[in-house]
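1. sequence below, structure please.
(chains A, B, C and D)
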Number of protein chains: 2
Amino acid sequence: MAQEKQVPDIVVGRLPIYLRALTFLKTEHREITSSQELGDRLGISSAQIRKDLSHFGEFGKQGTGYDIRHLESNLKRILHVDRMWDVVLIGAGDLGHALANYRGFAGRGFRISAVFDKSTDKIGNEIVEGLVVEDVAKLSERVKEVGWHMAIVAVPAEEAQSVANTLMEAGVKAILSYAPISLMVPSGIRVEHIDPAVHLQHLTYYLG
Amino acid sequence: MAQEKQVPDIVVGRLPIYLRALTFLKTEHREITSSQELGDRLGISSAQIRKDLSHFGEFGKQGTGYDIRHLESNLKRILHVDRMWDVVLIGAGDLGHALANYRGFAGRGFRISAVFDKSTDKIGNEIVEGLVVEDVAKLSERVKEVGWHMAIVAVPAEEAQSVANTLMEAGVKAILSYAPISLMVPSGIRVEHIDPAVHLQHLTYYLG
DNA sequence: CGACCTTTGTCAAAGTTTGCACAAAGATGT
DNA sequence: ACATCTTTGTGCAAACTTTGACAAAGGTCG
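-> This next block holds a predicted model:
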């Protein structure tokens, strides 16, 4: 039943979680797992995991479960992270710094390949080995020249929409935004938002 | 219909987004808005916004819309951010640094009130004015003493589960984790995960 | 070999979430 | 004062998502 119909976005959103769990199991030198075990670890029902995976093919073996490396490589293929994506980062503040230095991207398909900021204090600085902060005024030009498809926005709320507009106009198709506003984008462009205060507020609701 | 039945978690999860949008409208010196306008800005249908809010009471006025300050203060009350929450941060790496320095928490109900790390290089450093990194070995003791209810975990994957266990054992009820693993927690404890690679992989699915 | 155990992939049912559509209430403008 | 416009809150139906259950397939072990 490989992708006859469009796969629900909510299912797609769980695949990276499954992939992460498989990579973790590998660090424990495990070779085989089951929907039951994955579900227990992730707090998801085993039926849901089987159903989700069934949208893309048959990866398991009855009576045994899933070969971890096999399922992992299939999920990487499905998510298109069986290649390396160059990502452009806008914002070289504390957060931009943390992202540029984050060691976790490489093993999961991503490389921060350029950093932009508007502050003259930061432009020209080598934020991390081999990565010099460029002037955001050159952003549009450089995106068109290099052809990046993905960007991470780590600028203050006031600047985020205008940076996003520049990126989209220059051809970027997917944005991960850390700015505490909801970016408005036309259909065809995909955005994900990360805002720690939103998550904390979701938690406090239940703290009564 | 104020909270007769339990409100779905998916609805609760949208409230902080609504709250953020209202705060943003205030920066534009707006006083009134409508479900239509909010929906357009957030990419959510107006009916959904009205329905979500109706779980908690009636906040709008027919023919007019919503008074921004009135709805904002109600949402703050509902989410329990009409007070300040002290949050303990574990991990004083680049990310911990960015979080400790983040100016955005204060206006939204949160204050990082202590930082812990295991590295002797970091313990004793003043990570930000008035906030000295403490030894994670003292974490349990200090949490029990002070009684924090919320924590942010910004340590490497290998240490995250054990830090979370310490926190829960010491009485923490809600955790925001930046570690790239799914924390296993008993029911009664709430966890939210932030993992940029997960979001990026969700995006690459659609980049074909 | 055969009995028994495990686990997948899938169907149908149950449960949840969203969106339409509209009455009621309030605004606006002549 | 009235017609017209706007916008809420909600009942209902449609769409979507999750779960339970099970046949089929494969493994284990005496």
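2. per-residue pLDDT, the residue of chain A most remote from its centre?
-> What lies farthest from the middle of chain A is A:Gly63; by C-alpha atoms, centre = their mean that is 33.6 Å. Here, the pLDDT recorded for A:Gly63 equals 95.
3. distance check, it against DNA strand C.
-> Distance check for A:Gly63 against DNA strand C: by C-beta to the nearest atom of the strand, to the nearest Å, it reads 3 Å. Every residue, glycine included, has its C-beta placed from N, CA and C.
4. so where do the helices sit in chain A?
-> Taking DSSP state H as the criterion, chain A carries its helices at A:9-27, A:35-42, A:46-54, A:68-78, A:94-101, A:139-146, A:157-169, A:196-206.
5. and the longest one with helix A:46-54, angle?
-> Using axes from the mean of the first three to the mean of the last three C-alpha atoms, to 10 degrees, one finds that helix A:9-27 and helix A:46-54 are set 100 degrees apart in direction.
6. helix A:9-27 near chain B at all?
-> Yes. Counting by C-beta under 8 Å from any C-beta of the partner chain, chain B has neighbours in helix A:9-27: A:12-13, A:15-17, A:19-21, A:24.
7. let's have those residues in TSV, adding neighbour count and pLDDT.
-> Shown next, in TSV, are the residues of helix A:9-27 next to chain B (neighbours: other C-beta atoms under 10 Å in any protein chain shown; pLDDT from 0 to 100):
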residue	neighbour count	pLDDT
A:Val12	20	98
A:Gly13	16	98
A:Leu15	22	98
A:Pro16	24	98
A:Ile17	20	98
A:Leu19	24	98
A:Arg20	23	98
A:Ala21	22	98
A:Phe24	16	97
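8. closest to A:Ile32 out of those?
-> The shortest approach to A:Ile32 among the residues of helix A:9-27 next to chain B belongs to A:Ala21, at 13.6 Å (C-beta to C-beta).
9. for the residue nearest to the spatial centre of chain A, give me its contacts.
-> Against the mean C-alpha coordinate of chain A, by C-alpha atoms, centre = their mean, the closest residue is A:Leu176 at 7.2 Å. The contact partners of A:Leu176, taken as C-beta atoms under 8 Å, 6 or more residues apart in numbering or on different chains, are A:150-153, A:191-192, A:194, B:196, B:199-200, B:203.
10. for chain A, what lies in contact range of DNA strand D?
-> A:8-11, A:44-45, A:47-48, A:50-51, A:61-64 (C-beta under 7 Å from any atom of the strand).
11. got a quick PyMOL command for the buried subset of these?
-> Buried subset of these, written as a PyMOL selection, criterion 16 or more other C-beta atoms under 10 Å in any protein chain shown:
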select buried, chain A and resi 44+50
